[in-house]
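Chemist: pasting the structure only:
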C-alpha cells in the first residue's frame, strides 16, 4: 500500500461531517491529518444530494485544494467515509483521481430491498487498496453479497463485518471495532 499522509472523510447522504463515527476516527488517527468534509449541497444547507456523477465531478475538481489544505500529495491521501460519501470517493478514484486508498464504511452496495440495483459498475476500475467496514445485518448489502463483488476490485481489498451491525453502527463496541480496524489498516501502510 502507498504511504498514507492524510485522510478525507465524507458523511452519508443524510448525514453531516459531525457524524460521531467520523469524528471518533479523526481523533483516533492523530497525528495523521484528517479532514471531515461535506459536499457542496450540504454546505449550501440542502438536504437532498444531487446525482452521483455531479458529486464525483465536484470531488475531482476539489481534490488538489483538499490535498493542499492537508499539506499532502493527492496520491498519498485516503478518501472515503460513510455510505454515499465513500461511494462517491470510490467512483472518483475509479475515474482516475489519485489516491493512496479508499475507506468505505457502510458502502451502499444496493438500495434496501433492491439487490438487483447494484452500485458496483466501477469496481473493475479501482486499483488502490480498499478497506470495507459494514454491519453484517446492513440492508444495503450482506457479507455474502459483498463477497460476490469485491473480487472485481484490482487493488488489495480488506473487509470487516460487524456482528449485528446495521447501516449506521452506533454501539460503542461497533465504533471501537471500526476505529481499531481502520487504525490497523493505516498502520499497515507504514
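Modeler: Received the coordinates, thanks. If you're wondering where the values come from, they're calculated on a predicted model, not measured in any experiment.

Chemist: Please, where are all the helices along the chain?
Modeler: Secondary structure of the chain (DSSP state H): helices at 20-29, 40-43, 52-70, 84-94, 143-149, 172-187.

Chemist: Residue 119 is nearest to which of these?
Modeler: Of all the helices of the chain, the one in closest proximity to residue 119, counting by CB to CB, is helix 84-94 (6.2 Å). To be clear about C-beta, it is placed using only N, CA and C from the backbone, and glycine gets the same treatment.

Chemist: Provide the contact partners of that closest one at residue level.
Modeler: With contact meaning CB atoms under 8 Å, 6 or more residues apart in numbering, helix 84-94 is reached by 8-13, 15, 39, 49, 52, 55-56, 59-60, 63, 79-81, 99, 102-108, 119, 122-126, 128, 130.

Chemist: Narrow these to those in strands?
Modeler: Cross-referencing the contacts of helix 84-94 against strands under DSSP state E gives 8-10, 79-81, 102-105, 130.

Chemist: Nearest to residue 69 among those residues?
Modeler: With CB to CB as the yardstick, the closest approach to residue 69 among the ones in strands among the contacts of helix 84-94 comes from residue 8, at 9.3 Å.

Chemist: Contacts only, for the closest one.
Modeler: Contacts were defined as CB under 8 Å, 6+ apart; by that measure residue 8 touches 34-35, 37, 66, 70, 77-81, 89.

Chemist: Could you pick out the buried ones from these?
Modeler: Among the contacts of residue 8, those buried by neighbour count (16 or more other CB atoms under 10 Å) are 34, 37, 66, 70, 77-81, 89.

Chemist: where does the chain have low pLDDT?
Modeler: 1-2, 190 (pLDDT under 70).

Chemist: switch to 90 and redo it
Modeler: Counting by pLDDT under 90, the ranges of the chain that qualify are 1-3, 14-16, 45, 47, 163-173, 188-190.

Chemist: quick revisit: for the contacts of helix 84-94, which PyMOL command selects only the ones that are buried?
Modeler: A single PyMOL command suffices to select whichever of these are buried according to 16+ other CB under 10 Å:
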select buried, resi 8+9+10+11+12+13+15+39+49+55+56+59+63+79+80+81+99+102+103+104+105+106+107+108+119+122+123+126+128+130
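
Chemist: right, and residue 156 touches residue 132 too?
Modeler: No: counting by CB atoms under 8 Å, no contact exists between residue 156 and residue 132, whose distance comes to 11.6 Å.

Chemist: Between those two, which is the more surrounded one?
Modeler: In terms of neighbours (other CB atoms under 10 Å), residue 132 is the more surrounded of residue 156 and residue 132; the figures are 25 against 13.
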